[in-house]
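the following comprises the amino acid sequence and a computationally predicted model.
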Amino acid sequence: MPRARSAAAADGAVGAAAHAHALALVALHAPSVDPANGDARRLRRLLAHELAHVLAAERTGSVKRLGDGNRGMRLAEWVDEGFAVNLAAAVTAEPGIIDSARSRASGVPMSDDALAAAFRDLNAPERSSAFAIATARVWRALQAHGLAFVFEHLSDPERWTQR
Ligand SMILES: [Zn+2]
């Protein structure tokens, strides 16, 4: 059985989801560590976001481990993050999150390679734009194809992306 401490992927400073074949783990900062998490709605959104990562990993047969360069992941990081943001916004009924991402992504050109690079580097200046673009792309796919289809084909975004 995999050890929990070897299977973790930080999601910025706010939370983490880990997934191995026999174990899934979500970790969030308690309000005593991050007072912003005293906001129950924010905490629900973060929990939904991290659970979306676990579901995506489970669906695609991925394994997340800290520091392995996402070797075990079978979906692109932009797909993983875009899916998690969309699912969390739906769970907490906060469409403003999607509206804001779509507005920020509009007219911002970013190649797939640049998108991948921005997600690999936690300090990349383009990281915020990358999240917005990923969120907007997955949102468009969800509108066009529905959640079941997108979830079924998370590893194969060519089937549902329209650039
Ligand atoms: Zn995430």
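Nice, thanks for sending it over. It should be emphasised that the depicted structure is a prediction, and the values quoted were computed from it without experimental measurement.

low-confidence ranges in the protein?
Applying pLDDT under 70 to the chain picks out residues 1-14, 162-163.

where along this structure do the strands fall?
For the chain, applying DSSP state E gives strands covering 9-11, 15-20, 23-28.

among those, which is the most enclosed?
With neighbours taken as mean count of other CB atoms under 10 Å, the strands of the chain reach their highest mean count in strand 15-20, at a mean of 23. Every C-beta, even on glycine, is put in place using the N, C-alpha and C of the backbone.

work out the gap between that strand and the centre of the chain.
Computed by CA atoms, centre = their mean, to the nearest Å, the separation of strand 15-20 from the middle of its chain amounts to 11 Å.

nearest to residue 121, of the strands of the chain?
Proximity to residue 121 (CB to CB) singles out strand 9-11 among these, at 13.1 Å.

buried set for the longest helix seen in the chain?
Counting residues, the longest helix in the chain under DSSP state H turns out to be helix 40-60. Judged by neighbour count (16 or more other CB atoms under 10 Å), helix 40-60 contains these buried residues: 42-43, 45-57, 59-60.

got it, and stretch 65-78?
65, 70, 72, 73, 75, 76, 77, 78.

stretch 53-71 and the ion in contact?
No: judged by CB under 5 Å from the ion, stretch 53-71 stays clear of the ion, getting no closer than 5.6 Å.

can I get that stretch in CSV? Just the C-alpha atoms.
The C-alpha coordinates for stretch 53-71 follow below in CSV (Å, rounded to 0.1, in the frame of the first residue of the first chain):
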residue,chain,number,x,y,z
HIS,A,53,-8.8,16.4,-8.4
VAL,A,54,-9.3,13.0,-6.7
LEU,A,55,-12.2,12.1,-8.9
ALA,A,56,-10.2,13.1,-12.0
ALA,A,57,-7.3,11.0,-10.9
GLU,A,58,-9.5,8.1,-10.1
ARG,A,59,-11.3,8.4,-13.5
THR,A,60,-8.0,8.5,-15.5
GLY,A,61,-6.0,6.0,-13.4
SER,A,62,-3.6,8.7,-12.4
VAL,A,63,-1.3,8.7,-9.4
LYS,A,64,-0.3,12.0,-7.8
ARG,A,65,2.9,12.1,-5.8
LEU,A,66,4.8,15.1,-4.5
GLY,A,67,7.9,15.9,-6.5
ASP,A,68,7.7,13.3,-9.2
GLY,A,69,7.0,15.9,-11.9
ASN,A,70,3.4,14.5,-12.3
ARG,A,71,4.9,11.3,-13.9
